[in-house]
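[1] got a predicted structure here, sequence first:
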Amino acid sequence: MKKSNPSKHIERPSRPAYVTDVTMTIDEYTRMAMKVTEKSRRLIIAIAETIWILLGAAAFVLKQYSITVFLGVTIIAYPLLIDYLYKRKLKKTFAAMPAGQNEHIRYEFYPDHVLLLTNHGDGSYKYSDFIKMLETKDEIVLLLSRDQGLLILKENCSQELLDFLRGKFPK
């Protein structure tokens, strides 16, 4: 009879170490999407505004004051317009996903993976599947890719869970 090697036996916990949940409303969906795309939106705005500032300076030097004023207004309005249009697009996207609207998502955190439980299916991700963690004052987003993430609301988390996640994704 062959003996098992006790060092190779890994005991898996039957209960999660931490649990939290979120209901994916339009507000939560928008918060998550805005956070996930923040860097790319800022880059686009910065490039466009740099060009407009240079054009405005050239127009001012050439004494084309009406163009300078127009570009000044554009520089102020462009970031607001981009945010408005992006949020509008997110609302349309959310409205087109009836299965995901008001979806209750339960996150179960284990030492080596996180389990997502929903009414429409379950998913399991190893912590190494995530490319990074974004953290704000109110939420954490675990990024699976540049434009896909899991939203975790801090108000629904214990301090131990927050510390656990920070330990899994050091800055």
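    Arrived safely. The model shown is predicted, which means the values in this text are computed figures rather than measured ones.
[2] beta partners of the nearest residue to L117 once chain neighbours are set aside?
    Leaving aside its sequence neighbours, L117 sits nearest to R106 (CB to CB, 6 or more residues apart in numbering; 4.3 Å). Yep, even glycine has a C-beta here, placed from its N, CA and C like the rest. The partner list for R106 in beta bridges (DSSP bridges) reads D21, L117.
[3] neighbours of R106, how many?
    Number of residues near R106 (other CB atoms under 10 Å) recorded here: 14.
[4] now do the contacts for it.
    For R106, the contacting residues are V19, T20, D21, L116, L117, T118, by CB atoms under 8 Å, 6 or more residues apart in numbering.
[5] what do you get if the cut-off is 7 Å, keeping everything else the same?
    V19, D21, L117 (CB atoms under 7 Å, 6 or more residues apart in numbering).
[6] could you do K87 as well?
    K87 touches T30, counting by CB under 7 Å, 6+ apart.
[7] and what of the one 3 residues further on?
    L90 makes contact with Y29, T30, A33, according to CB under 7 Å, 6+ apart.
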